[in-house]
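**Student:** This is the structure alone, sequence omitted:
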């Protein structure tokens, strides 16, 4: 702040660019015009005034600088340069103030997004490892907890993803024309719709397990096979989402003419169609029935 205050108080001249001195004398350049035909400079006499003159610097140095400054031209230049750099370098900082203000919310949204992704991976891997033939009751309780964690993480992933698209990312104007972004949402829809089957079956088994009159019965081999197949598909979709995110962030596949309605329709059809399929399959599940993949 001190160099800026000196700059405004003294009214120092900043030549842009510095002229070629016509004489080797350090003091004579103040009373002689520069070699260049025209010189533009910043001149602040106890305030702010910007001008362009074709005259020499002798008539431009204000009286407040004093005769000492005229006899020491290089000292004036040094002070001018330091003060001006302090003034002008503050402009990018002021321009970046809104970005700094959004830095913490943006970082929190990104952190929540990554944390949700890791939570879903951990939950699905836990389910995949624990769901097996002759699964113990304790293992089933862990699977129930993991499925709950997966659902919460999925909700967090959706909310933070929405915030990053609309508030803290490149903006909706960019993402709506990015086909890879809609591919990412389709994969997320596949992941969410596929999870309806294991979640529905886990809820059904959990409700039955609460009845003390009904002994715990582990999943049948057929149900175990179906559950593990679907969880493998979920993990594959989940592993593909970061790849689409990195491509999307770099504008790969971006086309200005791409209609967002087409991407949104595909996402809606995916979550609606597959979601209905997997929920119906879970509700109509029969150990005697043969279900497709």
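**Tutor:** Everything's here; your move. These numbers were taken from a predicted model, which means no experiment stands behind them.

**Student:** contacts, neighbours, all on C-alpha from now
**Tutor:** Will do.

**Student:** In the stretch 1-150 of the chain, where is pLDDT below threshold?
**Tutor:** Within the stretch 1-150 of the chain, the stretches with pLDDT under 70 are 1-101.

**Student:** surely residue 231 meets residue 128?
**Tutor:** Yes - with contact defined as Cα atoms under 8 Å, residue 231 counts as touching residue 128 (6.5 Å).

**Student:** These two: who's more crowded?
**Tutor:** Neighbour tally, residue 231 and residue 128, criterion other Cα atoms under 10 Å: the higher count belongs to residue 231, 22 against 19.

**Student:** three-state assignment of that one?
**Tutor:** Recorded secondary structure, residue 231: helix (DSSP: H, G, I helix; E, B strand; the rest coil).

**Student:** for residue 253, same thing?
**Tutor:** Here residue 253 is recorded as coil under three-state DSSP.

**Student:** So residue 153 versus residue 237, what's the distance?
**Tutor:** Going from residue 153 to residue 237 by Cα to Cα, to the nearest Å gives 15 Å.

**Student:** Of those two, give the one with the bigger neighbour count.
**Tutor:** More crowded of residue 153 and residue 237, by other Cα under 10 Å: residue 153, with 23 against 20.

**Student:** OK, contacts around that one?
**Tutor:** The neighbourhood of residue 153, defined by Cα atoms under 8 Å, 6 or more residues apart in numbering, consists of 115, 116, 117, 119, 120.

**Student:** swap in residue 151?
**Tutor:** If a contact means Cα under 8 Å, 6+ apart, then residue 151 has residue 120 as its contacts.

**Student:** Now it: which helix or strand?
**Tutor:** For residue 151, the host element (DSSP states H and E) is helix 137-163.

**Student:** for that helix, which positions count as buried?
**Tutor:** 139-140, 142-144, 146-147, 149-151, 153-154, 156-158, 160-163 (16 or more other Cα atoms under 10 Å).

**Student:** do the same with stretch 118-136
**Tutor:** For stretch 118-136, the neighbour count (16+ other Cα under 10 Å) marks 119, 120, 121, 123, 124, 126, 127, 128, 130, 131, 132, 136 as buried.

**Student:** Give the other helices and strands that the helix or strand harbouring the third one contacts.
**Tutor:** Element membership for residue 121 (DSSP H and E) is helix 103-130. Based on contacts counted as 3 or more Cα pairs under 8 Å, 6 or more residues apart in numbering; DSSP states H and E, the elements that helix 103-130 packs against are helix 137-163, helix 221-249.

**Student:** just checking, next helix/strand downstream of the last one?
**Tutor:** Sequence-wise, the next helix or strand beyond helix 221-249 is helix 260-283, with elements assigned using DSSP H and E.

**Student:** contacts for that next one?
**Tutor:** Outside helix 260-283, the residues that touch it by Cα under 8 Å, 6+ apart are 176-177, 179, 182-183, 185-186, 189-190, 192-194, 196-198, 200-201, 291.

**Student:** buried subset of those residues?
**Tutor:** Neighbour counting with 16+ other Cα under 10 Å marks 176-177, 179, 182-183, 185-186, 189-190, 192-194, 196-198, 200-201 as buried within the contacts of helix 260-283.

**Student:** Tell me which entries of those lie within strands.
**Tutor:** Members of these lying in strands (criterion: DSSP state E): none.

**Student:** hmm, back to that, can you tell me which of the contacts of residue 153 lies nearest to residue 222?
**Tutor:** residue 120 (24.9 Å; Cα to Cα).

**Student:** Let me know whether that closest one touches residue 157 as I believe.
**Tutor:** No - at 9.0 Å, residue 120 does not count as touching residue 157 under the criterion of Cα under 8 Å.

**Student:** hang on, the earlier thing: any chance of the contacts of residue 153 in CSV with distance to residue 216 as columns?
**Tutor:** Listed next are these as CSV, based on distance: Cα to Cα, whole Å:
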residue, distance to residue 216
115, 34
116, 32
117, 33
119, 28
120, 27
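
**Student:** what's the most distant pair in those residues?
**Tutor:** 115 and 120 (8.6 Å).

**Student:** wouldn't residue 164 be in contact with residue 106 here?
**Tutor:** Yes - the pair residue 164 / residue 106 is scored as a contact, 7.4 Å apart, by Cα under 8 Å.

**Student:** related to what we said a few turns ago, just the ones in helices from the contacts of helix 260-283, please.
**Tutor:** 179, 182-183, 185-186, 189-190, 192-194, 196-198, 200-201 (DSSP state H).

**Student:** I am finished for the moment; much appreciated.
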